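Asker: Based on what follows, work out the 3D shape:
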Amino acid sequence: MIAVQGPNARQKAAALLAPALAARALELGPFFGTAGDGCLWRARGTTGEDGWEIMLPAQEAAGFWGRLRETGVMPCGLGARDTLRLEAGMNLYGSDMDETTSPLESGLGWTIAWDPQDRNFIGREALTAQKAHGVARKLVGLLLADRGVLRSHQKVIVPAVGEGEVTSGTFSPTLERSIGLARVPSQTTDRCEWRSAAGC
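Answerer: Numbering: from 1, shown residues only. From the prediction side, this is the model:
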């Protein structure tokens, strides 16, 4: 899979497609995909930017990547991806959510298709009960007021409420401070305390 993300990503990648496929791909809304030329094009990404995730046979990836580079697409690594997705407040599976957390406690309630009311899906009964009773934990964004860098598994203390844990953290070049996501008690408001690995 090659992810092409950024304000000009679609137009640059579309230049490599046959006109009919380019037209279909350019019309894709978020979370939709199309197939053609032996590839699957999906409109989404984990950076908060517009773009495509392109799935293609492994033996064709290097050549396709070379053609993308010729259009002006620049490479970036997972560190850049992680910074962008944290600035956009986007979860990463395995860090901020996994099979032990529900969409409702991961800030993803908006992704659940509750309607029509008789629509059945795996987990609906459990999610309906959780929605009715409320969740014990929630995922929040963090902005570190002091110097330091937030990292996964650091403790978050909410005075008079309880404790939570940083699920992801990094330094944001855009904000010039440390940012992160944390799972905290649902009663948490807009302030908490952070404990670094050194106990500071």
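
Asker: in the chain, which residue is closest to the centre?
Answerer: Taking C-alpha atoms, centre = their mean, the centroid of the chain lies closest to Met90, which sits 3.3 Å from it.

Asker: From Asp96, how far off is that one?
Answerer: 8 Å (C-beta to C-beta, to the nearest Å). C-beta coordinates here come from the backbone N, C-alpha and C atoms, glycine included.

Asker: For these two, list the residues in contact with both.
Answerer: Common contact partners of Met90 and Asp96 (C-beta atoms under 8 Å, 6 or more residues apart in numbering): none.

Asker: and the residue nearest to the centre of the chain, that's in a helix?
Answerer: No: applying DSSP: H, G, I helix; E, B strand; the rest coil, one finds Met90 to be coil, outside a helix.

Asker: pLDDT score for it?
Answerer: We have a pLDDT of 90 for Met90.

Asker: Use 45 as the first number for this chain going forward.
Answerer: Got it, first residue is 45 now, which makes that one Met134.

Asker: is it true that it touches Thr90?
Answerer: Yes: with contact defined as C-beta atoms under 8 Å, Met134 counts as touching Thr90 (6.0 Å).

Asker: Give me the distance between the lengthiest helix in the chain and the centre of its chain.
Answerer: Scanning the chain for the longest helix, with DSSP state H as the assignment, gives helix 102-114. Per C-alpha atoms, centre = their mean, to the nearest Å, the displacement of helix 102-114 from the mean C-alpha position of its chain is 25 Å.

Asker: Counting by contacts, list what it packs against.
Answerer: Other helices and strands packing on helix 102-114, by 3 or more C-beta pairs under 8 Å, 6 or more residues apart in numbering; DSSP states H and E, are strand 46-49.

Asker: quick one: strands adjacent to the strand it packs on?
Answerer: Sheet pairing here is set by DSSP bridges, and for strand 46-49 it gives strand 95-99 (antiparallel).

Asker: same question for the strand it pairs with, mean pLDDT?
Answerer: 89.

Asker: Contacts for it next, please.
Answerer: With contact meaning C-beta under 8 Å, 6+ apart, strand 95-99 is reached by 45-50, 53-54, 57, 69, 72, 83-89, 108.

Asker: tell me which residues in the lengthiest strand in the chain are buried?
Answerer: The residue-count maximum for a strand in the chain (DSSP state E) belongs to strand 206-216. Neighbour-count burial for strand 206-216 flags 208, 210-216 (criterion: 16 or more other C-beta atoms under 10 Å).

Asker: Kind regards, and thank you for your time.
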